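Asker: Quick one, fold the following:
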Amino acid sequence: MSPNLEISIPTTSTTTSHTSKPYTIYNITLRLPLRTLTLQKRYSDFTTLHTSLTSQAGGTLPPPHSPKNPGLEAYLNAINESDDGRWRDTSAWRIFLNLPSSNSSKSSLTSALHSTVNGPGSNAPITDPVAWLDLHRELKSQLHDARLSLTRRDQASTAQAQHEASVQAKKCLVRAGTMMSSLATGLQNLGSSSSIRGGASLGEGGAKEAKGPAVLRETGA
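Answerer: Numbering: from 1, shown residues only. Now for the predicted structure:
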């Protein structure tokens, strides 16, 4: 299942011209964590998608029988919410929905994590919303580990144990601080990117943890 993507086809429109017969345009709305997109597709695009998915991934996939938007919306969501992710992993699916490639997301995240070791600016900034969310989850994990280390420090019965816990907490907080810098820069890049249309919003936790060192102060280090 792909929980970070919501798909709907709320409206359609009819296009006419002097050179071709009227045809229906399906306005597909994609709600991602950092942006909302609207795509326009013809029914023939759906049939091409189905053929490509079957060719690239195999398996049994119900065809988009109905040219009505409820049927096509159900078709897309059946793929999007399936426990079998083979169709979502194909290039046909990502191209149809204008989604970033999984390799692009992994590369962007790897660069951001690498910068936590070599310092800010040592690698390319995050330019992909999926990688941004992955790094944000890693930030939360580092802060959680720092709090656990500080708790162990306070409960330690020897000076050596207190020292070791403090060192571990400091390491986590240094990584977290660098991640915050990468997240803030990535947020600016995503906000100014021409590929983001229709506005973008972060969850409350994401916005707070990306903005600065206040979260670090809350740990008491």
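Asker: can you give me the strands in the chain?
Answerer: Secondary structure of the chain by DSSP state E: the strands cover 6-15, 23-31, 36-41.
Asker: Would you mind telling me which of those is nearest residue 75?
Answerer: Closest to residue 75 of the strands of the chain, according to Cβ to Cβ: strand 6-15, at 9.7 Å. To be clear about C-beta, it is placed using only N, CA and C from the backbone, and glycine gets the same treatment.
Asker: re the thing from before, name the stretch among the strands of the chain that sits most buried.
Answerer: Per-residue neighbour counts averaged over each of the strands of the chain give the maximum for strand 23-31, namely a mean of 17 (mean count of other Cβ atoms under 10 Å).
Asker: can you list contacts of that one?
Answerer: Where contact means Cβ atoms under 8 Å, 6 or more residues apart in numbering, the residues beyond strand 23-31 that reach it are 5-15, 36-43, 46, 67, 69, 72, 76, 97-98.
Asker: one more time with 6 Å, if that's ok
Answerer: Applying Cβ atoms under 6 Å, 6 or more residues apart in numbering, the contact partners of strand 23-31 are 6, 8-15, 37-42, 69.
Asker: got the buried residues for the longest helix along the chain?
Answerer: When secondary structure is assigned using DSSP state H, the longest helix within the chain turns out to be helix 159-192. Of the residues in helix 159-192, 165-166, 168-169, 172-173, 175-183, 185-187, 189-190 count as buried by neighbour count, 16 or more other Cβ atoms under 10 Å.
Asker: Next, the distance between the ends of stretch 15-25.
Answerer: From the first residue to the last, stretch 15-25 extends over 7 Å; the measure is Cα to Cα, to the nearest Å.
Asker: again with stretch 81-94
Answerer: For stretch 81-94, the first and last residues are 15 Å from each other (Cα to Cα).
Asker: Report the rounded mean pLDDT for that stretch.
Answerer: Per-residue pLDDT over stretch 81-94 has a mean of 88.
Asker: Stretch 59-70 too?
Answerer: Taken as a whole, stretch 59-70 carries a mean pLDDT of 74.
Asker: ok, and for it, which residues are buried?
Answerer: Neighbour-count burial for stretch 59-70 [16+ other Cβ under 10 Å]: 61, 64, 69.
Asker: which one of those residues sits closest to residue 80?
Answerer: Nearest to residue 80 out of the buried residues of stretch 59-70 is residue 61 (Cβ to Cβ; 12.4 Å).
Asker: quick one: the closest one from residue 85, how far?
Answerer: Separation of residue 61 from residue 85 (Cβ to Cβ, to the nearest Å) stands at 13 Å.
Asker: cool, residue 23 as well?
Answerer: Going from residue 23 to residue 85 by Cβ to Cβ gives 32 Å.
Asker: Residue 166 contacts residue 152, doesn't it?
Answerer: No: counting by Cβ atoms under 6 Å, residue 166 does not reach residue 152; the two are 9.4 Å apart.
Asker: What number of residues are in the vicinity of residue 32?
Answerer: Neighbour count of residue 32, defined by other Cβ atoms under 10 Å: 18.
Asker: nope, residue 95 is what I meant
Answerer: Neighbour number of residue 95 under other Cβ under 10 Å is 12.
Asker: Thanks again, I'm all set now.
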